[in-house]
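Trainee: Next comes the sequence, and after it the predicted model I'd like to discuss.
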Amino acid sequence: MVGDWSVSDDGMVYSFTLRDGLMWHDGDPVTAADCVASIERWGKPDGMGQKLMDFTTELTAVDDKTFTLTLKEPYGLVLDSHGLVLAVDGVAFDIRAGETLGLVGESGSGKSTVGKTVMRLIDPTSGEIRVRGEDVTRAGSARMRTLRRQMQMVFQDPYASLNTRLSARSIVAELLENYSEVPRGEIDDRVRALFQRVGLGPDQMVKYPHELSGRQRQRLGAARALVLNPGLIVADEPVSALDVSVQAQVLNLLMDLQDELGLAYLFISHDLAVVEHISHRVAVMYLGKNVELTDRETLFSDPRHSYTRALLSTVPVPEPGARRDRIILKGDIPSPINPPSGCRFHTRCPFAEARCLSEEPVMCAIGSGHQVACHLVDEQVG
């Protein structure tokens, strides 16, 4: 219904403009006054929108197409100087051909947002995204259509990411039909060969997603990502929805394909055991920022950031009777709407000092390829 919206600099007034051509069933146009009346009815004490009205002071129809909503206090999407939530702020990394970069952190740390931004499914507000040296941050739709061949994604839920109306063959073939110059007569042979490469049989080409197991659906998702011969695959929690035995099969498949094709993976996960198995380097995120980046062996043997240590303390030890010294963090990850000042982790860090409350740390090198954003580590190195 809303075609456009904006918010004031102080985060108090939201302005909504209706799309053109909106009509009621009797043919009368939908007006801003109609929307205001509907929201007010919806927000009555017994209505579903009561919570909305609890922090709203005024609803006003400015004209036939525009209405405003005024809040009692700033809420939701507006708290930096530009009126935006910085879901990801200052994250920087590179991924080499044939390498897997693991991206870890709690839910809400911004991992999936990073993956979608790399894929240009979300446009960044600043910074650069480079693919094989080319800055694609502001590439138009025509250029991105070509770049899609080089960048593909494997999703967390294999069933939700597949078109249930298409057969397995069509799900993979439609990319060749739309993004490649493969002759139509050769498409079935190309799809059949790819199915064999990812461990699916020719008989499964005619099946629909609901007829496949979770393992087979994720293999189908991998086939779809590989069909255009990309250089980079963003894998967003690709095995978290699978049984442990199936996880191992899919992980081994991804690693075999990487060895065979020289693929680069951005592997997003909250499962540190899985990340340790598949990654070459690991980046740790907390509330939209990188806090540590290093190679796999160093991260798991000598973590330097207190948040990284807390995460690693949750990984089970595969030895009967063996136990880790758990580091229990108090509270939940703060909201990106109103992040803490200084170091964003200081509200939960057991070692926080006065400096941490006011001064934001920057990523600094403490060894070959090892970077950490922590004042305490700075002091130790300095």
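Mentor: Thanks, I have the structure now. Every value quoted in this text rests on a predicted model; they were computed, and no experiment measured them.

Trainee: Name the nearest residue to Ala273, ignoring sequence neighbours.
Mentor: Excluding the flanking residues, the one nearest Ala273 by Cβ to Cβ, 6 or more residues apart in numbering is Val315, at 5.7 Å. All C-beta atoms are positioned from the backbone trio N, CA, C, and that covers glycine.

Trainee: scratch that, Asp89 is what I was asking about
Mentor: Gly288 is the one closest to Asp89 (Cβ to Cβ, 6+ apart), at 4.7 Å.

Trainee: repeat for Val206
Mentor: Ser167 (5.6 Å).

Trainee: And for Tyr208?
Mentor: Ser167 is the one closest to Tyr208 (Cβ to Cβ, 6+ apart), at 5.8 Å.

Trainee: and the one you found, how many neighbours?
Mentor: Counted with other Cβ atoms under 10 Å, residues neighbouring Ser167 total 16.

Trainee: Tell me who's in contact with it.
Mentor: For Ser167, the contact set (Cβ atoms under 8 Å, 6 or more residues apart in numbering) comprises Met205, Val206, Lys207, Tyr208.

Trainee: Same question for Ala139.
Mentor: Arg120, Leu147 are the contacts of Ala139 under Cβ under 8 Å, 6+ apart.

Trainee: Am I right that it is in a helix?
Mentor: No: counting by DSSP: H, G, I helix; E, B strand; the rest coil, Ala139 is located in no helix; its state is coil.

Trainee: how close does it sit to Val317?
Mentor: The gap separating Ala139 from Val317 is 46 Å, by Cβ to Cβ, to the nearest Å.

Trainee: same check, this time on Ser279
Mentor: From Ser279 to Val317 the distance is 19 Å (Cβ to Cβ).

Trainee: Looking only at neighbour counts, state which of those two leads.
Mentor: Ser279 (23 against 9).

Trainee: can you map out the helices along the stretch 251-382 of the chain?
Mentor: 272-278, 296-301, 306-312, 354-358, 375-381 (DSSP state H, counting those that start in this stretch).

Trainee: Pick the most deeply packed of the ones you listed.
Mentor: helix 306-312 (a mean of 21; mean count of other Cβ atoms under 10 Å).

Trainee: That one: how far from the chain's middle?
Mentor: 21 Å (Cα atoms, centre = their mean, to the nearest Å).

Trainee: which residues make contact with that helix from outside it?
Mentor: 104-106, 272, 284, 286, 291-292, 299-300, 303, 327-329, 345, 348-351, 374, 376.

Trainee: hmm, try it at 6 Å
Mentor: Contacts to helix 306-312, defined as Cβ atoms under 6 Å, 6 or more residues apart in numbering, come from residues Val284, Tyr286, Val291, Glu292, Pro303, Ile327, Leu329, Phe345, Cys349, Phe351.

Trainee: Using PDB, write out the CA atom coordinates for it.
Mentor: Presented in PDB, the C-alpha positions along helix 306-312 are these (Å, rounded to 0.1, in the frame of the first residue of the first chain):
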ATOM      1  CA  SER A 306      37.500 -11.900  25.100                       C
ATOM      2  CA  TYR A 307      34.400 -12.400  23.000                       C
ATOM      3  CA  THR A 308      36.100 -15.000  20.800                       C
ATOM      4  CA  ARG A 309      37.300 -16.800  23.900                       C
ATOM      5  CA  ALA A 310      33.700 -16.900  25.200                       C
ATOM      6  CA  LEU A 311      32.400 -18.300  22.000                       C
ATOM      7  CA  LEU A 312      35.100 -21.000  21.800                       C
END
